[in-house]
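J.: Predicted coordinates and the sequence they were generated for:
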Amino acid sequence: MSAVHGTTGAGGPGATAPGRPGPSGALAGRSELGVAAFLAALGVLVLVDALGLHAPYSQSDPVGPKTVPYVVAALLVVCAVVLAVDVLRGGRGESEGGEDVDLTHPTDWRTVLPLVAVFAANIALVDTLGWVLSGTLLFFGSVVALGSRHYVRDLVISALLALGSFYGFYLGLGIPLPAGLLEGVL
């Protein structure tokens, strides 16, 4: 039978991997509340961080570097509240009909671990190398970890993305990203 008639298929909501017991207790089927709590905490963190930004007095543009973080923080908190209310009212996420994911397969650590390493390296190196170089490593490392083998093309595109985002933030939003080793060149 289909989900329309009251039962779910192998990938439907509440499905578990074979051999694993299903969730039980008061929070059974409400794991989305954890996502809502994470979104709310992230929204508060963004708001607190935005309160610490200092805009120059000479800035006449009403949309300065403080506006976007305030909007993002508000949207995160609103999404958290809407998600929590929906889950508490019994709302369930729809299973993806065209999703080609087999929940019985284990995590692909050969992809996940290099991605985590690339993100951690970017965090560690962004102040030293600057955004353009560390961003290039981030983008290039990500596509290689995800399986691309077009190294020259990927390196060029990664460098262009990092350089474009550097100038997009600096010229478009007035937010300087660290130049690092390229200080004076950019």
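T.: Sure, I can see it.
J.: was I right about L76 contacting A40?
T.: Yes: using C-beta atoms under 8 Å, L76 is in contact with A40, at 7.3 Å. For glycine as for every other residue, the C-beta is placed from the backbone atoms N, C-alpha and C.
J.: Tell me where the chain is predicted with low confidence.
T.: Scanning the chain for pLDDT under 70 picks out 1-29, 55-62, 93, 95-101.
J.: Could I get the full set of strands for it?
T.: In the chain, no strands are defined using DSSP state E.
J.: all helices for this protein, in order.
T.: Listed in chain order, the helices of the chain (DSSP state H) span 32-51, 67-88, 109-129, 131-145, 151-167.
J.: Against which helices or strands is the shortest one packed?
T.: To tie it back to what came earlier, the one meant is helix 131-145. If you count contacts as 3 or more C-beta pairs under 8 Å, 6 or more residues apart in numbering; DSSP states H and E, helix 131-145 packs onto helix 109-129, helix 151-167.
J.: would JSON lines of those helices with mean neighbour count and distance to V71 be doable?
T.: Formatted as JSON lines, those follow (neighbours: other C-beta atoms under 10 Å; distance: least, C-beta to C-beta, whole Å):
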{"stretch": "helix 109-129", "mean neighbour count": "13", "distance to V71": "24"}
{"stretch": "helix 151-167", "mean neighbour count": "15", "distance to V71": "19"}
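J.: picking up where we left off before, please name whichever of the helices of the chain is nearest to L173.
T.: helix 67-88 (6.9 Å; C-beta to C-beta).
J.: okay, the angle between that closest one and helix 32-51?
T.: In terms of direction (axes from the mean of the first three to the mean of the last three C-alpha atoms, to 10 degrees), helix 67-88 departs from helix 32-51 by 160 degrees.
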